[in-house]
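[1] compute the structure for the input listed below.
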Amino acid sequence: MTGFTPEEQVACGRLVELALAEDLGPTGDRTSAALIPEGKTATANFVVRSAGVVAGLPAAALVCASVDRALAFTPVVNDGTAVGPRTVVATVAGSLRSILAAERTALNFLQRLSGVATITRKYVDAVAGSRARILDTRKTTPGWRLLEKYAVRAGGGTNHRIGLYDGILIKDNHLAGLGGDIPRAIASARGFPGNAGLPVIVEVDALDQLEAALPCRPEIVLLDNMTPETMRTAVARRDAVSPGTLLEASGGVNLSTVRDIAATGVDRISVGALTHSAPALDIALDYQS
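    This is a model prediction of the structure:
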């Protein structure tokens, strides 16, 4: 991966503006203003301290440019690259005051997004050789959704719907409002103005609900918190009744369980932990000269 989409660039720009405002405040970096001569220049390296997958270099570049357009930010690797400890992933050169003003904010973006990419790669590797793809969810940091989903792709994962507007996901509370009538819910979703072409996903937590959904040919059925044995039965029923419907496992997914879930034959596994529980990757900025 080499860069953001236009939508991701806009989203990142908003976040960078907020992040720099909260860090620099109305006066800027008082420490650097007091200690660093105004004309002093320097070079510094962004260095990964522990193994992981890099993501967020375009965000770090935008931070540097927002602080000082004269700063020269140079990526050394591409987002999506797996790296080991002590790997230099980018350099920045220019005014030392500007580098120090950008340092923490740039690292915050790099560490967070690289953490998401790193945990995603662990899940992707865990199901390698199976048919299952690893997907994210909407359990994202408010305001960071597009960037965190970008990081999931950098880690080799697949994006689920972005929000409530670009896909139909009929969940338990929707069904409760309709008395549990799954065929009615699917028909209503498909027939609603503006929904043409949107994939319809229906969540089920029992095999009798699956049996009600499959004849309606939804694009995807989400198997919520089912045991591997139940999921294998669900796959067999899907193959018999509606082979074009994809099955997605969700709930109770972690690195200890994901391989067994993939072995049931499901097509997709959605993992909230990719974004809500990803630890930051340890990255530092090292002064060079």
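[2] tell me where the stretch 51-200 of the chain has helices.
    Assigned by DSSP state H, counting those that start in this stretch, the stretch 51-200 of the chain shows helices spanning 57-67, 96-126, 145-154, 172-177, 182-191.
[3] show me how far the least confident helix or strand in the chain by mean pLDDT is from its chain's centre.
    Scoring the helices and strands of the chain by mean pLDDT, DSSP states H and E places helix 172-177 at the bottom, with a mean of 92. Here helix 172-177 is found 27 Å from its chain centre; the criterion is C-alpha atoms, centre = their mean, to the nearest Å.
[4] swap in stretch 91-105?
    27 Å.
[5] got it, and stretch 268-286?
    On C-alpha atoms, centre = their mean, the centre of stretch 268-286 falls 8 Å from that of its chain.
[6] show me what counts as buried in that stretch.
    Going by neighbour count (16 or more other C-beta atoms under 10 Å), the buried part of stretch 268-286 is 268-271, 273-275, 278, 280-283, 285. Every residue, glycine included, has its C-beta placed from N, CA and C.
[7] grab the nearest non-local neighbour of residue 59.
    residue 109 (3.8 Å; C-beta to C-beta, 6 or more residues apart in numbering).
[8] shouldn't that neighbour be in contact with residue 56?
    Yes. Taking contacts as C-beta atoms under 8 Å, residue 109 lies within contact range of residue 56: 4.9 Å.
[9] which one's more surrounded, those two?
    Higher neighbour count among residue 109 and residue 56: residue 56, with 32 against 24, using other C-beta atoms under 10 Å.
[10] next up, the contacts around the closest residue to that one other than its chain neighbours.
    Once flanking residues are discounted, residue 56 sits nearest to residue 113: 3.3 Å by C-beta to C-beta, 6+ apart. Counting by C-beta atoms under 8 Å, 6 or more residues apart in numbering, residue 113 touches 55, 56, 59, 147, 148, 150, 151, 154.
[11] ok, of those, which one's closest to residue 127?
    residue 154 (17.5 Å; C-beta to C-beta).
[12] what's the neighbour count on that closest one?
    The number of residues near residue 154, taken as other C-beta under 10 Å, comes to 25.
[13] what residues are up against it?
    Residue 154 neighbours (C-beta under 8 Å, 6+ apart): 1, 53, 54, 55, 79, 80, 113, 117, 120.
[14] go with 6 Å
    1, 55, 79, 80, 117 (C-beta atoms under 6 Å, 6 or more residues apart in numbering).
[15] what of residue 83?
    Residue 83 sits in contact with 48, 54, where contact means C-beta under 6 Å, 6+ apart.
[16] could you measure from it over to residue 155?
    Residue 83 is 13 Å from residue 155, where distance means C-beta to C-beta, to the nearest Å.
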